[in-house]
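S.K.: Okay, here's the prediction I keep looking at, along with the sequence it came from:
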Amino acid sequence: MQEGQSTQGHEHEHRSDTVILPAPTPWPLVLALGLALLITGMVTHWVISLLGLLLTLRAIVGWFFDIFPHELHVAVPVQTGVMKISSTRTTREQLPVSAEHRQILPVETFSVVSGIKGGIVGGLAMIVPAALFGLLKYHSIWYAVNLLAAGGFVSWASASTAFLCQFHLEGLLAATGIHAFTSVLIGLLYGAMLPMFPRKPILTAGFVAPLLWTGILYSALGIISPVLNARINWLWFVISQIAFGLVCGFIVNLQVKVRTPQFRALPFAVRAGLHSDVPLTKDEDL
Amino acid sequence: MTTTPVLEAVDETLETQGKPPLNVIYEWLTTVDHKKIGLMYICYALLFLVIGGFEAVLMRIQLAIPNNHFVSPQVFNQLFTMHGTTMVFFMGMPILFGMGNYLVPLMIGARDMAFPRLNAFSFWVSAFAGFLLYFSYIGGSGLYAAGSAPDVGWFAYAPLTSKVFSPGHSTDYWTLAVFLSGIGSIGTALNIVTTILCMRCKGMKMSRMPLLPWLYLVMSGLVFVAVSPLTAAQIMLTFDRYLGAHFFDTQAGGSAILWMHFFWIFGHPEVYVLVLPAFAFANEIIPVFSRKAMFGYPAMVAASVAIGFISLSVWAHHMFTAGLGPAGNTFFVFATMVISVPTGIKIFNWLATIWGGKIIFAVPMMFMVGFLFQFLIAGLTGIMLAAAPFNWQLSASYFVVAHFHYVLVGAIVFSLFGAFYYWYPKVTGKMMDETLGKWHFWLFLIGFHLTFDFMHIPGILGMPRRIYTYEDGRGWNTLNLIVGIGAIFQSVGTLILVYNMIRSYYKGKEAGHDPWDAWTLEWSVPSPPPSYNFAIEPTVNSRRPLWDLKHPEDPDTDYE
């Protein structure tokens, strides 16, 4: 790594000048010492505090005259010359990349708003199977709502089924908050990730992602709240997640894509749509 | 090979040599140069690293075998209090402020910090705070009695800090020293923020700023928000102890929980105050040694800012066992887990930067690989402890001690050591010895894993933190012995670092101004840099100005 140093030498001198810098001063040190002694007197002797006070006052005066009426400066002499900087490494042309080669960075992606829209509509769609589950099994649409609210009201996880089947305003508000926040967050993830898996969007968005998410939640909830974990019907949970994934993915995919910075790096011929076979990275290669 | 002029002019002035020692001392005592202040911060912090490390070794000797009485219980309490306080306030923060002081102006093309005199004051007030803390060994019970160091733990929970349970002045020394260091921290944070916002060179928009200044900006913002409550709490505690106030006096309507909130609303962001600069070093070192631009620069900036905000809402996960109630528990479990999202983004981006790169396993990069792996493990045990039921079982156990040392040593110290090897040539003009560096790395790595991997297990087996000694037959003996042996490996590794730094200063190879073929502005000035940094203010057109100058055929400006 050192070989290249010989190429980085200074060339002929061509200019002399000065640079103005703040003058060195003892007063910051004295002020710090004064303050330290001032409070050290609290745990030692009042004379130490008195000494600290005197030093503090002197430092304040000294510092003041460092700045007023004119800030004290020193002129540091500079002798300048041209320095050549070069890399010790060589670069080489990148090998042509096959058209079939997987693109690592998408040149187009969805906007943030796409993800939010997808999350909102997906979240609404998810309510249908969740409410259906409550109706079919407990004859109440509020069961799923209150169970979700148990994420906020921890004691509700062990409440009776009758309690969970009743309407509770605070439960509805808590569930709405949790559901809205999570839906938008997952929608944003969809917006960010779907362009990276462009080949089978229905499979990715509708099934793979919901199953992964359910798997993570299933394994985590058993540790975080075993009681809540036991009350969740995981089959219906998966159905709800798939409903979310399909709708959210559909809505996100409907949106118009925006170009990423990678697009601007492409040659003009590619940006103009005349050519498509391009290397997408510019990293150095020895 | 391309050879392209980088700047119209650069410094060739040599510092005057051979000054009388007293003049040199006076020059350093009165300096307002950010580089000298940065170096003083670092030297001062290294002194406290040795002291704090020595205290750790003493504690590990005490715990290496059961029923040991190597030190007394009173001394043991002082050791863990002083070790924690020293390492957080007088080693961790100063060394990171020192690195920031040295590097931030150079990386943004500035001649100095925004407030050079405030910078000097902040350093000196922090330095005197450290000396005040250790003066307690002489004067802890007042000048008229034998001294004693603070012994209330680094978080000094109420009501242990009240006059009833902590007579004399030992706790006052802790309170006043931490208060004083807080003034210095806020002063330096103010300087860093102002410098970054107001003194960037021409062309350096925020979106072109290197990631190190970005992370120091977030870190300094956190210092404002986090250190202020601690400073307020120290004043309240002083009122309690001196003026008979009852803020934390549970017998008179005060609240011990209030202290916990005050302390941890500082304490947990403080972890991020320490770890964000470690991330910053990784952001500079990993790309250079992978020969690739940083992957996902905007995401890295966004993740850093997100960490800054979220870290302010997680403090009460330190208080799950205090009884927060269901809503509090749920919120802080959730907030703590959410912070793993931006942190995970960072880890993925570092890996993506390394992926496909032409990796050079020089010593700085070796430390970065260690940092990445260990920080991941630290994050995973952090998520485990973020789950309130798990936390209830293992709170205040050695599992927690192992977890946070994985963060503080496994992540922060490893990254810091990598930064030493990376920027040492810039600071001294000499290269550090690579062989000694590798000895340092491997010994420290082995020692670290012996100590902190094995420290998790006695925690799970029920060994409480801060325990003075333990009975035989609990299954902790061998594990504690291994933990102690690991501390010896780490100590030897650190001594090799110190030897390497001193030896290389006198006998190291000349570094030149850009030994790593790097891309940020500090590598465009001589090593060591002149007092004014840049003879002519540089102009930048991308995030990697030196890349552009070395590769005019393929500048970054085409891609940003």
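M.R.: Sure thing, it's come through.
S.K.: B:A64 is in contact with B:L481, correct?
M.R.: Yes - at 5.3 Å, B:L481 and B:A64 qualify as touching, with contact defined as C-beta atoms under 8 Å. Bear in mind the C-beta positions are built from the backbone N, C-alpha and C, glycine included.
S.K.: B:L436 against B:V498, yeah?
M.R.: No - here B:L436 does not reach B:V498: they are 10.5 Å apart, not a contact under C-beta under 8 Å.
S.K.: Looking at those two, which has the bigger crowd around it?
M.R.: B:L436 (17 against 13; other C-beta atoms under 10 Å in any protein chain shown).
S.K.: for A:G245, what are its contacts?
M.R.: Taking C-beta atoms under 8 Å, 6 or more residues apart in numbering or on different chains, we find A:G245 in contact with A:G122, A:A205, A:G206, A:F207, A:A209, A:P210.
S.K.: typed the wrong thing, it's B:G484
M.R.: Applying C-beta under 8 Å, 6+ apart to B:G484 gives the contacts B:R60, B:I61, B:L63, B:A64.
S.K.: what helix or strand is it on?
M.R.: Using DSSP states H and E, the element containing B:G484 is helix B:477-507.
S.K.: export whichever helix or strand comes after that helix as CSV, just CAs?
M.R.: Following helix B:477-507 in sequence order, the next helix or strand is helix B:545-550 (DSSP H and E). What follows is helix B:545-550, C-alpha atoms only, in CSV (Å, rounded to 0.1, in the frame of the first residue of the first chain):
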residue,chain,number,x,y,z
PRO,B,545,-13.5,14.4,-3.3
LEU,B,546,-10.2,12.6,-3.5
TRP,B,547,-11.7,9.8,-5.6
ASP,B,548,-12.8,12.5,-8.1
LEU,B,549,-9.3,13.9,-8.2
LYS,B,550,-7.6,10.5,-8.6
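S.K.: So for helix B:545-550, mean pLDDT?
M.R.: Averaged over helix B:545-550, pLDDT sits at 91.
S.K.: swap in stretch B:389-399?
M.R.: pLDDT averaged over stretch B:389-399 gives 92.
S.K.: Ends of it, what's the gap?
M.R.: With C-alpha to C-alpha, to the nearest Å as the measure, stretch B:389-399 spans 15 Å from end to end.
S.K.: ditto for stretch A:158-176
M.R.: Terminal-residue distance, stretch A:158-176 (C-alpha to C-alpha): 20 Å.
S.K.: now check that stretch, is it near chain B?
M.R.: No - between stretch A:158-176 and chain B, judged by C-beta under 8 Å from any C-beta of the partner chain, nothing touches; the nearest distance is 9.5 Å.
S.K.: Same question for stretch B:439-456: list its buried residues.
M.R.: B:439-441, B:443-445, B:447-456 (16 or more other C-beta atoms under 10 Å in any protein chain shown).
S.K.: Would you state the strands of chain B in chain order?
M.R.: B:3-5, B:10-11 (DSSP state E).
S.K.: Chain A now?
M.R.: For chain A, applying DSSP E gives strands covering A:10-22, A:73-86, A:108-110, A:257-259.
S.K.: returning to what we had before: which stretch in the strands of chain B is the model least sure about?
M.R.: Sorting the strands of chain B by mean pLDDT places strand B:3-5 lowest, at a mean of 39.
S.K.: Quick check: pLDDT value at the closest residue to A:G122 other than its chain neighbours.
M.R.: Spatial nearest neighbour of A:G122, excluding adjacent residues (C-beta to C-beta, 6 or more residues apart in numbering or on different chains): A:C248 at 2.9 Å. Looking at A:C248, its pLDDT is 93.
S.K.: check contacts around A:C248.
M.R.: A:G118, A:G119, A:V121, A:G122, A:G123, A:A125, A:S183, A:I186, A:G187, A:Y190, A:A205.
S.K.: how about B:I51, what does it touch?
M.R.: B:T86, B:Y134.
S.K.: lowest-confidence helix or strand of chain A?
M.R.: strand A:10-22 (a mean of 64; mean pLDDT, DSSP states H and E).
S.K.: mind checking how far the residue nearest to B:G437 when sequence neighbours are not counted is from B:E284?
M.R.: Leaving aside its sequence neighbours, B:G437 sits nearest to B:V363 (C-beta to C-beta, 6+ apart; 3.5 Å). Relative to B:E284, B:V363 is positioned 15 Å away (C-beta to C-beta, to the nearest Å).
S.K.: Please enumerate the helices of the stretch 151-286 of chain A.
M.R.: Along the stretch 151-286 of chain A, the stretches classed as helices by DSSP state H, counting those that start in this stretch are A:161-165, A:169-193, A:201-203, A:209-224, A:226-231, A:234-254, A:261-264, A:268-271.
S.K.: chain center to the longest one: distance?
M.R.: Right, the one you point to is helix A:169-193. Distance of helix A:169-193 from its chain centroid, counting by C-alpha atoms, centre = their mean, to the nearest Å, is 18 Å.
S.K.: that older thread, need the helices of the stretch 151-286 of chain A in CSV with distance to B:T428, can you?
M.R.: Listed next are these as CSV, based on distance: least, C-beta to C-beta, whole Å:
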stretch, distance to B:T428
helix A:161-165, 68
helix A:169-193, 44
helix A:201-203, 56
helix A:209-224, 49
helix A:226-231, 58
helix A:234-254, 54
helix A:261-264, 38
helix A:268-271, 47
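S.K.: what's the closest of those helices to B:F332?
M.R.: helix A:209-224 (12.5 Å; C-beta to C-beta).
S.K.: What residues sit buried inside the closest one?
M.R.: The neighbour-count check on helix A:209-224 (16+ other C-beta under 10 Å) flags A:A209, A:P210, A:W213, A:T214, A:L217, A:L221, A:I224 as buried.
S.K.: Can you tell me which of those is nearest chain B?
M.R.: Minimum distance to chain B across those is 5.1 Å, recorded for A:I224 (C-beta to the nearest C-beta).
S.K.: tell me the pLDDT at that closest one?
M.R.: At A:I224, the pLDDT recorded in the model is 71.
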